[in-house]
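S.K.: Predicted coordinates and the sequence they were generated for:
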Amino acid sequence: MNAPAMLPTQKAVHGLRFGEFVALMASLMAVNALGIDMMLPALGLIGAELGITVENHQQLVIAVYIASFGLGQLLYGPLADRYGRRPILLGAMLVYAAMSLLAALAHSIELLLVARAFQGFAAASTRVLSVSIIRDCYAGRTMARVMSLTFMVFLAVPVLAPTLGQLVLLVAPWHWIFYGLAAFSLCVALWAHQRLPETLAAADRQSIALGAMRRAAREILGDRYSIGYTLAGACLHGGLLGFLNCSPQIFAHSFGAPQLFTLCFAIIAGMMAGASLLNSRVVERLGSRFVSHGALLGLVLIDLVRVAIVLGGVETASLFTLTYAASFFLFGLTGPNFGAMAMEPMGHIAGTASSLQGFISTMIAAAIGLIIGQSFAGTTLPLALGWLLGSLAALAIIFIAERGRLFRPHHAQPGPPPAQ
């Protein structure tokens with residue numbers, strides 16, 4: 001298959017100022033990030049109040065949400081390609097708010113997990129729709145820049161979310177974390193209702209007939225850039241989810257310093273946000289491949305060093321924070337670019353492509369993250385090995401997808417921009 005064309009930037013059709021557009025897309029994606037990260041300081045309290053006796057089972061509050069988030073993406077892409085972005089976005093945010101309220105009122109772990117499953121299913125819309133809307137309006141390296149700016153704002157959420165969750169716990173029970181999530185999702189829905197027009201052109205609306213969906217799926221899965229960068233991103237994202245699953249336990253048991261978790265988590269996540277800012281400033285000049293391939297090689301090196309530190313028995317909370325801060329920084333240079341390159345050849349079926357790519361990526365990453373988290377037995381070795389194996393797998397996949405041509409931008413005959 002030929003390399004994807006380097007498409008020119010499309011004129012934005014959203015009608016918002018650039019900054020407001022980025023902020024709205026980031027806020028939409030932040031609905032999901034808050035749904036994961038605000039929980040982290042409360043997992044122990046939730047487990048104690050709802051009778052969870054095996055500590056690793058507390059991770060199900062996160063894992064069930066993420067698995068449903070992955071599964072839900074199969075639904076939203078075809079719906080958004082058929083009926084448009086706005087109605088699906090608004091409806092999903094209302095469901096998310098309702099499930100947040102149900103979770104807040106839960107008095108059993110079973111009901112909480114049911115609410116979390118439907119909450120994650122609704123949150124799947126945020127990933128599919130934000131990527132689809134951005135792809136509706138931008139293309140090429142400019143799309144990668146917009147994705148990076150969106151991720152920069154979005155990735156500031158993990159810096160603040162555990163702290164926000166901890167602040168809630170200082171003045172109220174854990175249930176109020178879910179009340180806050182309901183309020184935030186309703187605010188995003190109101191903002192989108194008032195300011196965001198429909199970005200999908202009538203001519204680009206797709207049938208949801210099974211035949212059309214099968215053809216779109218074959219195109220997405222048959223394009224080596226689309227599937228290659230999707231799988232590579234999944235391998236890296238799995239390590240990140242493994243970190244989310246077990247990091248509170250690591251600080252509590254491996255280092256005996258649970259009070260350091262919020263601060264160290266903020267430092268680590270802040271590096272990823274900083275990387276997205278850097279990426280937004282250099283990607284149009286250097287290219288998505290040059291930046292992300294270099295970052296991936298750096299990530300493999302950091303992961304090797306970390307495994308050596310763990311096996312050498314010299315890891316401390318400070319070294320843990322330092323090495324994962326470096327890893328998250330490099331992850332911030334790969335994630336937005338991998339996502340943009342996976343979507344680049346799929347502009348004409350952006351919703352369905354975002355849906356299927358997101359499903360594949362999230363389900364693989366969720367499985368990897370759950371394996372890493374459930375392997376926790378008092379040491380950080382499973383997490384370190386998970387990151388290393390994920391980075392090596394991603395490098396091998398990219399090498400195959402690019403046919404050994406790492407760092408090289410693709411040059412194709414210019415063509416007309418895709419229809420809006």
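M.R.: Sure thing, it's come through.

S.K.: and the longest helix for this protein?
M.R.: Longest helix of the chain, by residue count under DSSP state H: helix 140-171.

S.K.: And that one, what does it pack against?
M.R.: Under the contact criterion of 3 or more C-beta pairs under 8 Å, 6 or more residues apart in numbering; DSSP states H and E, helix 140-171 touches helix 18-37, helix 109-137, helix 175-195, helix 261-286, helix 317-343. For every residue, glycine as well, the C-beta is placed using N, CA and C.

S.K.: Pick out the shakiest of those, pLDDT-wise.
M.R.: Within the helices and strands packed on helix 140-171, the stretch with the lowest mean pLDDT is helix 261-286, showing a mean of 83.

S.K.: Grab the nearest non-local neighbour of residue 192.
M.R.: Beyond its immediate neighbours in the sequence, the residue positioned closest to residue 192 (C-beta to C-beta, 6 or more residues apart in numbering) is residue 89, lying 5.6 Å away.

S.K.: Double-check that neighbour against residue 123; I have them as touching.
M.R.: No - at 11.8 Å, residue 89 and residue 123 do not qualify as touching, with contact defined as C-beta atoms under 8 Å.

S.K.: Name the residue in these two with the higher neighbour count.
M.R.: Shown here are residue 89 and residue 123; by other C-beta atoms under 10 Å, residue 123 has more neighbours (31 against 25).

S.K.: What residue, apart from its backbone neighbours, is nearest the more buried one spatially?
M.R.: With C-beta to C-beta, 6+ apart as the criterion, residue 123 has its nearest non-adjacent residue at 4.3 Å, and that residue is residue 32.

S.K.: one step back: give the full set of residues in contact with the residue nearest to residue 192.
M.R.: Applying C-beta atoms under 8 Å, 6 or more residues apart in numbering, we find residue 89 in contact with 28, 125, 129, 189, 192, 196.

S.K.: Tell me the most packed of those, by neighbour count.
M.R.: Within the contacts of residue 89, most neighbours by other C-beta under 10 Å means residue 125, with 31 neighbours.

S.K.: neighbours around the residue nearest to residue 123, how many?
M.R.: Residue 32 is surrounded by 25 other residues when neighbours are defined as other C-beta under 10 Å.

S.K.: gap between it and residue 400?
M.R.: If you measure residue 32 against residue 400 using C-beta to C-beta, to the nearest Å, the figure is 30 Å.

S.K.: Correct me if wrong: residue 97 contacts residue 190.
M.R.: No - with contacts counted by C-beta under 8 Å, residue 97 stays clear of residue 190, the gap being 10.9 Å.

S.K.: which helices and strands sit right next to the strand or helix carrying residue 387?
M.R.: Assessed by DSSP states H and E, residue 387 sits inside helix 381-401. Counting by 3+ C-beta pairs under 8 Å, 6+ apart, the packing neighbours recorded for helix 381-401 are helix 224-249, helix 288-311, helix 350-374.

S.K.: looking at those helices, which is closest to residue 149?
M.R.: Each of the helices and strands packed on helix 381-401 was checked against residue 149 via C-beta to C-beta, and the shortest separation belongs to helix 288-311, namely 14.2 Å.

S.K.: Go through the closest one and flag the buried ones.
M.R.: Of the residues in helix 288-311, 288-296, 298-300, 302-303, 306-307, 309-310 count as buried by neighbour count, 16 or more other C-beta atoms under 10 Å.

S.K.: Kindly report the same for stretch 124-142.
M.R.: Using 16+ other C-beta under 10 Å as the test for burial, stretch 124-142 gives 124-142.

S.K.: what's the answer for stretch 181-199, then?
M.R.: Of the residues in stretch 181-199, those buried (16+ other C-beta under 10 Å) are 181-182, 184-185, 188-189, 191-192, 196, 199.

S.K.: cool, stretch 384-398 as well?
M.R.: For stretch 384-398, the neighbour count (16+ other C-beta under 10 Å) marks 384-395, 397-398 as buried.

S.K.: Worst mean pLDDT among the helices and strands packed on helix 381-401?
M.R.: helix 350-374 (a mean of 85).

S.K.: still on that earlier bit, need the helices and strands packed on helix 381-401 in CSV (columns: distance to residue 338).
M.R.: Output for the helices and strands packed on helix 381-401, formatted as CSV (distance: least, C-beta to C-beta, whole Å):
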stretch, distance to residue 338
helix 224-249, 4
helix 288-311, 6
helix 350-374, 9
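
S.K.: quick one: which of the ones you listed is nearest residue 113?
M.R.: Taking C-beta to C-beta as the criterion, helix 350-374 is the member of the helices and strands packed on helix 381-401 that comes nearest to residue 113, at 13.9 Å.

S.K.: relative to helix 109-137, how tilted is the closest one?
M.R.: 140 degrees (axes from the mean of the first three to the mean of the last three C-alpha atoms, to 10 degrees).
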